[in-house]
Structures are given as structure tokens and as C-alpha cells.
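K.L.:
Pasting the sequence and the predicted model now:
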Amino acid sequence: MSKGHCLVVGAGVSGLSSAIRLLENDWEVTIWSSEFSPNTTSDVAAALWYPFLSAPVGKTNVWGSETYNVLKVISRFPQTGVSMTQTYEYFREEQPDPSWKQSVDGFKRLNGNLPEDYIECFSFITPVIEMPIYLKWLMNRYEELGGKQKVKKVDNFSNITDKYDLVVNCTGLESKNLLNDSEVYPVRGQIIRVKTDIKEMYLDQQISTLAYIVPRSEDMILGGVAQNNDWSLETRIEDREDILEKCCKLIPELRNAEIIEDMVGLRPGRSEVRLEKEILLGRPMIHNYGHGGSGVTLSWGCADDVVELANES
């Protein structure tokens, strides 16, 4: 028996993950979104499991750990776009253990044979997620469970019809205007798709020297930048050159890699993730946005919390 009809607004990774969990918990679900894959912000993500540009840490560590375990299971199935990948994260200064150490497989420290200027390395296994493939798989899973979808832009939450018992807001950056949320801001990212045979992932996650080398089945993603309050979706040659220079410090042979294309996306930054319920015009609304650079990393943990809040309605 259905618990009610839920409208999920937004079809990125947060919206689809939340919608799937709601369907699995006996809610009837419809998704409205102005864009579906391959035209969402999520499609442009690199993407890998790693807590990045998100808060509060106490909650994001829990959401991230739960999501890691789900992605590890999903990686066992073909055609999901998820693969568990050997990863090396480099540092120019000595580091304490990361708060997520216990969440990942195979964590250890390496101190020898590191790239120039680096003195320490974390080695661990983490999921790499090919977003166009993964989002297609999520949508197929959503439809198999009976979910419905409609291309529809929401300009005002108060205009949603009374047929829905619950609304879940997964609009990301659009929440800035929809809710007049001054804490939401864009974090511009630019990446490069290249051809290469490298199979491991290499990271420098410090904002000032941000570099990531993410292997996928048919290409590799090189990044990146994290430019706050920058709304530009145009690619910049200076960003491309900076990305190549930073990545080549980690893997020098990338200088000869064949460049396929440059891509730009805007991460939905916020002072902290907003995952809470409120009553709007007499109807419960659950907000799930502001994940910064950790949308995929937190997706299933946040989706489980959405269901918990929904079932309290």
C-alpha cells in the first residue's frame, strides 16, 4: 500500500537517488525537472567518491560512508558505470589521518617515490563513477520501480498542485532563487577529457593546487578548478593550461595525451548541506541540496535520510 504521492524536483544524482529510495519504501514518486541526463550538472561531474567542499563534517562523514558501501555493491554489476579504483592522494605537508579513513578499503600511507614537491601520499580504493552511464542506470532503476517523470521547470514551489502529499527539493543551485537562499553559491569547475591508458586515480585535493586524474572506461578526466561565485559556463584556455600543468606534475606523461574536449559545470555550493523538512503551505517539503563537490559521494546516505524524514510525515 502506497504511503502517498511524492514529487521530487530535480533529476540529478541527488534527485534520482532520493526518488529510488522513496519508491523502495512504498511511496509513489514523480520527478519534475527542467533537465534530465545527459543535460544535468551531474553529467559533467568527474566523478569519484571523496568528501570535498561539503559540510557539516559530522554528517557528511556518515552520509559518505553509507554511500561508499552502496557504490561498492553497485560496482559489482555491469553497465552501472561504477568501478572500484586504486587511488593515490598526494600532499606537500604532513597530514593527520583523514576523517574518512575507516570508510574506504585498503587505506595506507606511502612516503617514497613521490612526485616532485610532494612528501606524503594516501593510498586507498574508492569508486569512480562515469556519470552519463551511472545516471542512465539510475533512471532505468527508477522506471523499473514504477517512477514517473516529466520535463517541467518549477518557478515557485507554492504553485505545485495539491495532488502531491510530499515534495522533495533536489534542485541544487536553483534553490538559491527558488528559496531566496543566500547561502547557496556556484563553485565553477572545468575539466579536460583525454585519451590515455592509465588505470589508477591520482589526486591533489588542496584547493590552491587542486588536481585530479580520473580514469574511465573510454577516456580520462583531468581537473580541476574550484572557483567560488563564478557563474561562467565558458571554457577558459588559462584554466586548461593550469589543469594540464598541475596534472603533469603528478603524471608527466600526460603532456602527450590526446585532448578530446573541455567541459564546464557549476557545483551547488553552500555553507553546509541542507537536508531538513519544513511545512510549506500546509504540505511537508524535504530539502536535499547544497552538496558542493560531493553530490555523488553523499547521495545514498542523504537519500536514506530523505526517506526517514518522509516516513515521519
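P.N.:
Perfect, I can see it now. Being a predicted model, the structure only gives us computed values, none of them experimental.

K.L.:
from memory residue 294 sits against residue 60, does it?
P.N.:
Yes - counting by C-beta atoms under 8 Å, residue 294 touches residue 60, with 6.6 Å between them. In short, each C-beta sits where N, CA and C put it, glycine included.

K.L.:
Need the overlap of contacts for these two.
P.N.:
Residues within reach of residue 294 and of residue 60 at once, by C-beta atoms under 8 Å, 6 or more residues apart in numbering, are 51, 54.

K.L.:
how many other residues sit next to the nearest residue to residue 103 once chain neighbours are set aside?
P.N.:
Closest residue in space to residue 103, ignoring its immediate chain neighbours: residue 65 at 4.0 Å, by C-beta to C-beta, 6 or more residues apart in numbering. Residues lying near residue 65 (other C-beta atoms under 10 Å) number 17.

K.L.:
pretty sure residue 65 contacts residue 99?
P.N.:
No - Residue 65 lies out of contact with residue 99 (C-beta under 8 Å); the separation is 9.9 Å.

K.L.:
follow-up on the earlier one: mind checking which helix or strand the residue nearest to residue 103 is in?
P.N.:
helix 57-74 (DSSP states H and E).

K.L.:
How far away from the center of its chain is that helix?
P.N.:
In terms of C-alpha atoms, centre = their mean, to the nearest Å, the centre of helix 57-74 is set 12 Å apart from its chain centre.

K.L.:
neighbouring contacts of the helix or strand following that helix?
P.N.:
Using DSSP H and E, the helix or strand that follows helix 57-74 in sequence is strand 82-91. The contact list for strand 82-91 (C-beta under 8 Å, 6+ apart) reads 48, 71-72, 74-75, 105-106, 110, 114-115, 118-130, 134, 199-206, 215, 217, 250.

K.L.:
Now with 7 Å, please.
P.N.:
71-72, 74-75, 114-115, 118-129, 134, 200-205, 215, 250 (C-beta atoms under 7 Å, 6 or more residues apart in numbering).

K.L.:
Going by neighbour count, list what's buried in that strand.
P.N.:
82, 83, 84, 85, 87, 88, 89, 90, 91 (16 or more other C-beta atoms under 10 Å).

K.L.:
Mind putting those residues into a markdown table with pLDDT and distance to residue 232?
P.N.:
Formatted as a markdown table, those follow (pLDDT from 0 to 100; distance: C-beta to C-beta, whole Å):
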| residue | pLDDT | distance to residue 232 |
| --- | --- | --- |
| 82 | 98 | 31 |
| 83 | 97 | 32 |
| 84 | 98 | 34 |
| 85 | 98 | 30 |
| 87 | 98 | 30 |
| 88 | 98 | 31 |
| 89 | 97 | 28 |
| 90 | 97 | 29 |
| 91 | 95 | 30 |
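
K.L.:
which one of these sits closest to residue 169?
P.N.:
residue 82 (26.0 Å; C-beta to C-beta).

K.L.:
Can you give me the distance of the closest one to residue 175?
P.N.:
27 Å (C-beta to C-beta, to the nearest Å).

K.L.:
swap in residue 93?
P.N.:
On the measure of C-beta to C-beta, residue 93 and residue 175 end up 36 Å apart.

K.L.:
Show me which of these two is the more surrounded one.
P.N.:
residue 175 (23 against 8).

K.L.:
Just give the nearest non-adjacent residue to the more buried one, would you?
P.N.:
residue 289 (4.8 Å).

K.L.:
How far does stretch 202-209 stretch from one end to the other?
P.N.:
In stretch 202-209, first residue to last residue: 13 Å (C-alpha to C-alpha, to the nearest Å).

K.L.:
quick one: buried residues of that stretch?
P.N.:
Buried residues in stretch 202-209 (16+ other C-beta under 10 Å): 202, 203, 204, 205.

K.L.:
tell me the two of the residues you listed that are most distant?
P.N.:
Applying C-beta to C-beta across the buried residues of stretch 202-209, the maximum distance is between 202 and 205, 10.8 Å.

K.L.:
filter the contacts of strand 82-91 to the buried ones?
P.N.:
Members of those classed as buried by 16+ other C-beta under 10 Å are 71-72, 74-75, 114, 118, 121-122, 124-129, 134, 201-205, 215, 250.

K.L.:
among the residues you listed, which are in strands?
P.N.:
Among those, the subset assigned to strands under DSSP state E consists of 121-122, 124-129, 201-204, 215.

K.L.:
Tell me if residue 275 really is in a helix.
P.N.:
No - looking at residue 275 with DSSP: H, G, I helix; E, B strand; the rest coil, it is strand, so not inside a helix.

K.L.:
Could you give the bridge partners of the nearest residue in space to residue 154 that is not next to it in sequence?
P.N.:
Leaving aside its chain neighbours, residue 154 sits nearest to residue 9 (5.2 Å; criterion: C-beta to C-beta, 6+ apart). Beta-bridge pairing for residue 9 (DSSP bridges): residue 32, residue 169.
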